[in-house]
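Engineer: Sequence first, predicted model second:
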Amino acid sequence: MSEKEYLYWMTGVEGIGAVTIKKMKEYAKTLEQAFFIEKKEWEEAGILAGKILERFQKEKKDLKQRAEEYHRLKEKGIDFISLWDKEYPEKLKEIYDSPAGLFVKGKLPENDRPALAVVGARHCTSYGRMAAKEFSAALAAEGIQIISGLAYGIDGESHRGAQKAGGKTFAVLGCGVDICYPREHYCLYQEIAEKGGLISEYLPSSPPLARNFPMRNRIISGLADAVLVVEAAARSGSLITAELALDQGRDVFAVPGRISDPLSAGTNELIKSGAGCVTAPEDVLDHFHIISEKMLRLDEKNGKGLAKTEKMVYSCLDLQPKSLEEVVAASRLSVGECMTALYGLEKKGYVTRAFGQYYEKKLQVRG
């Protein structure tokens, strides 16, 4: 059997989490060898003990059944990515308790593109819905990947905003990736699977248990470069995500709200404690050192504007390299006009040549 089959089996043993699996692999060198280590040795090593060790030994009889389940994943359109696979997200790998395995329907976030986690209250206000959707749409349009949790309220609006802008969004679930929770988000769930990705550390068919959601929050923040909290009460799961993000070395931003609004108590407190106060998408873009169309218009007013063709070409680019042919097709300009505009954009620091005749928006042109 392969290492992944053993990992799949271990993922289903209750009480054995990501940190324990990593310790077991480090001790035994391979998960296959870990499977065959006897009870006494695990006790002496201090890695497994008590009821968890008993369960580990007892469930060895289920290995064959689990292996058969593993081989049926592809039929369900599910990929199983291990911590030791090259496809595993680099950002998530940085955190202490990164999942040993991820189940994915669709794709994973791209390592070389910035990602923002957007979280907040399930029972949010119309102000919160508007902020989540508008921020996510504006940021996704600039090439930032939006990470959230598919829950009611802020999560759902952030996914919808990113999709509306034609951007990429990814949902981290507190259940199996083959389960849509909440059921009312089924259309959203389907669209995210097709255009972005659904991600979970839980086995397929795992129900959405309450205890799973605080654990999945570390993955939401772990996949991102920064976290934006839109609305949160004084005691909120979103504040847990913000705390996890800080522990992981991520920056935290919050949208301010009225001092009398209970759903702004958490975000206002975050700002008082040092979180970045954001009142427009440009505040977040500045963190990622990305120039927005709005900033281009401000530059124009200040006499630092771009030529008309340069603006047309710039609007066709994002953080992913595009070929000259793609730029010509998108802008409907001639090859010569595009080349001239790209040269001007490079010279002004807005664009960089990735390789050959491939171009992308340049990071760190501000701040």
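Structural biologist: Nice, thanks for sending it over. Just so it is clear, the model here is predicted, and its values are computed rather than measured.

Engineer: From now on I want contacts and neighbour counts done on CA atoms only, so please keep to that.
Structural biologist: Noted.

Engineer: Give the burial count for residue 171, as a bare number.
Structural biologist: Residue 171: 27 surrounding residues under other C-alpha atoms under 10 Å.

Engineer: for it, what are its contacts?
Structural biologist: Residues in contact with residue 171 (C-alpha atoms under 8 Å, 6 or more residues apart in numbering) are 147-150, 159, 192, 197-199.

Engineer: from those, which two are the most distant?
Structural biologist: Across the contacts of residue 171, no pair lies farther apart than 159 and 199, at 13.9 Å, counting by C-alpha to C-alpha.

Engineer: Relative to residue 289, how far out is residue 200?
Structural biologist: Noted for residue 200: a distance of 30 Å to residue 289, by C-alpha to C-alpha, to the nearest Å.

Engineer: who has more neighbours, those two?
Structural biologist: residue 200 (24 against 16).

Engineer: Next one, pLDDT for that one please.
Structural biologist: pLDDT, residue 200: 98.

Engineer: same question, the one 10 residues further on
Structural biologist: According to the predicted model, the pLDDT of residue 210 comes to 93.

Engineer: pLDDT below threshold where in the stretch 251-367 of the chain?
Structural biologist: For the stretch 251-367 of the chain, the stretches flagged by pLDDT under 70 are 290-305, 363-367.

Engineer: run the last query once more with 50
Structural biologist: Counting by pLDDT under 50, the stretch 251-367 of the chain shows low-confidence ranges at 295, 298, 300-304, 364-367.

Engineer: what is in contact with residue 159 and residue 199 at once?
Structural biologist: Common neighbours of residue 159 and residue 199 (C-alpha under 8 Å, 6+ apart) are 170-171.

Engineer: Neighbours of residue 41, how many?
Structural biologist: If we define neighbours as other C-alpha under 10 Å, then residue 41 has 11 of them.

Engineer: Check what contacts the strand or helix carrying it and list those residues.
Structural biologist: Assigned by DSSP states H and E, residue 41 belongs to helix 39-45. Applying C-alpha under 8 Å, 6+ apart, the external contacts of helix 39-45 come out as 48-49, 53, 57.

Engineer: one more time with 6 Å, if that's ok
Structural biologist: 48-49 (C-alpha atoms under 6 Å, 6 or more residues apart in numbering).

Engineer: helices or strands up against the biggest helix by length in the chain?
Structural biologist: Criterion DSSP state H: the longest helix present in the chain is helix 126-141. Packing partners of helix 126-141 (3 or more C-alpha pairs under 6 Å, 6 or more residues apart in numbering; DSSP states H and E): helix 154-164.

Engineer: following the helix it packs on, which helix or strand shows up next?
Structural biologist: Assignment by DSSP H and E places the next element after helix 154-164 at strand 169-172.

Engineer: Can I get that next one in PDB? Just the C-alpha atoms.
Structural biologist: Extracted C-alpha coordinates of strand 169-172, given in PDB (Å, rounded to 0.1, in the frame of the first residue of the first chain):
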ATOM      1  CA  THR A 169     -12.500  32.100  -4.400                       C
ATOM      2  CA  PHE A 170     -11.900  29.000  -2.100                       C
ATOM      3  CA  ALA A 171     -14.100  27.600   0.600                       C
ATOM      4  CA  VAL A 172     -12.700  25.700   3.600                       C
END
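
Engineer: Return the distance of it from the chain's centre.
Structural biologist: Distance, stretch centre to chain centre, for strand 169-172: 6 Å (C-alpha atoms, centre = their mean, to the nearest Å).

Engineer: State the phi and psi torsions of residue 288.
Structural biologist: phi -90, psi 0 (degrees, to the nearest 10).

Engineer: no wait, residue 80
Structural biologist: Residue torsions, per degrees, to the nearest 10, at residue 80 are phi -120, psi 110.

Engineer: how does the protein divide into domains?
Structural biologist: 1-71, 115-287, 293-361 (automatic domain parsing).

Engineer: nearest to residue 107, of those?
Structural biologist: Short answer: domain 115-287, nearest of those by C-alpha to C-alpha, at 4.6 Å.
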